[in-house]
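[1] mind folding the following:
(chains A and B)
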Amino acid sequence: GQQLNQSPQSMFIQEGEDVSMNCTSSSIFNTWLWYKQDPGEGPVLLIALYKAGELTSNGRLTAQFGITRKDSFLNISASIPSDVGIYFCAGQWGPNDMRFGAGTRLTVKP
Amino acid sequence: SQTIHQWPATLVQPVGSPLSLECTVEGTSNPNLYWYRQAAGRGLQLLFYSVGIGQISSEVPQNLSASRPQDRQFILSSKKLLLSDSGFYLCAWRNPSGGQPQHFGDGTRLSIL
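    Residues are numbered from 1 along each chain as shown, chains lettered A, B, ... in the order given. Okay, the predicted model is just below:
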């Protein structure tokens, strides 16, 4: 099945720094999604991308759907302590086919 | 607006006991429904999905089963739990039209003793 490679696995940054994480795949997707999960809770959708090359922002978050449809990145600008959590990418190629990356654990030091 | 509810939030069960986790969605009709398991510090593994009442597709062989007795109700069950069934179980729904994203419940933390 399709596999997603998400990197980095974890990040330790200072408050105010920018963050960048990405996902790559050996196969193409029709939709790329980015979720954030806080401890003990379900993932919450941050950004959804539907077209190759699409660049979408949500506040301090910016994500792009790669031109090849095989990758996506998420950037967080001017990080704050509440950005702490696990960020998951997900690729979707059909109505009921979605695969998740292993997650990027973000720690923000005040 | 649409909401999704899972219960219980936490559950501690002995090995060999039965299991029933429930998920309900409000504010939408004919959603696609999903059950995932998440091991500690890991990604999400799709267990089951359903496109309609009584329609269940299984992604991985295991001793768990799923049922959808009503349009907006999805149940995860087991007759006899194993130690390896411990984990964080997440239910999700999505609008079946187009490439709509999945939306998750708050999960059930299951510990098997």
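
[2] taking chain B, what residue is nearest to chain A?
    B:Phe104 (3.5 Å; Cβ to the nearest Cβ). Quick note: C-beta positions are derived from backbone N, CA and C, even for glycine.

[3] wait, that residue touches A:Lys36, no?
    No: using Cβ atoms under 8 Å, B:Phe104 is not in contact with A:Lys36, being 11.0 Å away.

[4] where do the contact lists of those two overlap?
    Shared contacts of B:Phe104 and A:Lys36 (Cβ atoms under 8 Å, 6 or more residues apart in numbering or on different chains): A:43-44.

[5] picking up where we left off before, next one: the residue of chain B closest to chain A relative to B:Tyr36, how far apart?
    To B:Tyr36, B:Phe104 is 8 Å away according to Cβ to Cβ, to the nearest Å.

[6] can you check which residues contact both of these two?
    Common neighbours of B:Phe104 and B:Tyr36 (Cβ under 8 Å, 6+ apart) are B:90-92.

[7] out of these, who's near chain A?
    Near chain A, judged by Cβ under 8 Å from any Cβ of the partner chain, the entries from the shared contacts of B:Phe104 and B:Tyr36 are B:90, B:92.

[8] now for the lengthiest strand in chain A, which elements pack on it?
    Ranked by number of residues, the top strand in chain A under DSSP state E is strand A:85-94. When contacts are defined as 3 or more Cβ pairs under 8 Å, 6 or more residues apart in numbering or on different chains; DSSP states H and E, strand A:85-94 sits against strand A:4-7, strand A:19-25, strand A:31-37, strand A:71-76, strand A:97-100, strand A:104-109.

[9] so which bits of it are buried?
    A:85-93 (16 or more other Cβ atoms under 10 Å in any protein chain shown).

[10] repeat for stretch B:88-106
    For stretch B:88-106, a neighbour-count test (16+ other Cβ under 10 Å) marks B:88-95, B:99-106 as buried.

[11] so what's the residue nearest to the residue of chain B closest to chain A when sequence neighbours are not counted up against?
    Distance criterion Cβ to Cβ, 6 or more residues apart in numbering or on different chains; nearest residue to B:Phe104, sequence neighbours excluded, is A:Gly42 at 3.5 Å. Counting by Cβ under 8 Å, 6+ apart, A:Gly42 touches B:6, B:90, B:92, B:104-107.

[12] just the ones of the residues you listed in strands?
    With DSSP E as the criterion, strands contain B:6, B:90, B:92, B:104 from among the contacts of A:Gly42.

[13] could you check how far the second one is from A:Ser79?
    For B:Leu90, the distance to A:Ser79 (Cβ to Cβ) stands at 26 Å.

[14] and the residue of chain A nearest chain B?
    Relative to chain B, the nearest point of chain A is A:Gly42 (3.5 Å; Cβ to the nearest Cβ).

[15] pull the most distant pair out of the contacts of A:Gly42.
    B:Ala92 and B:Asp106 (11.2 Å; Cβ to Cβ).

[16] and of the helices and strands packed on strand A:85-94, who's closest to B:Leu64?
    Across the helices and strands packed on strand A:85-94, B:Leu64 has its closest neighbour in strand A:97-100 (18.8 Å, Cβ to Cβ).

[17] next one: that closest one to chain centre, how far?
    Its chain's C-alpha centre and that of strand A:97-100 lie 13 Å apart, by Cα atoms, centre = their mean, to the nearest Å.

[18] same question, stretch B:81-101
    Centroid separation between stretch B:81-101 and its chain, computed with Cα atoms, centre = their mean, is 5 Å.
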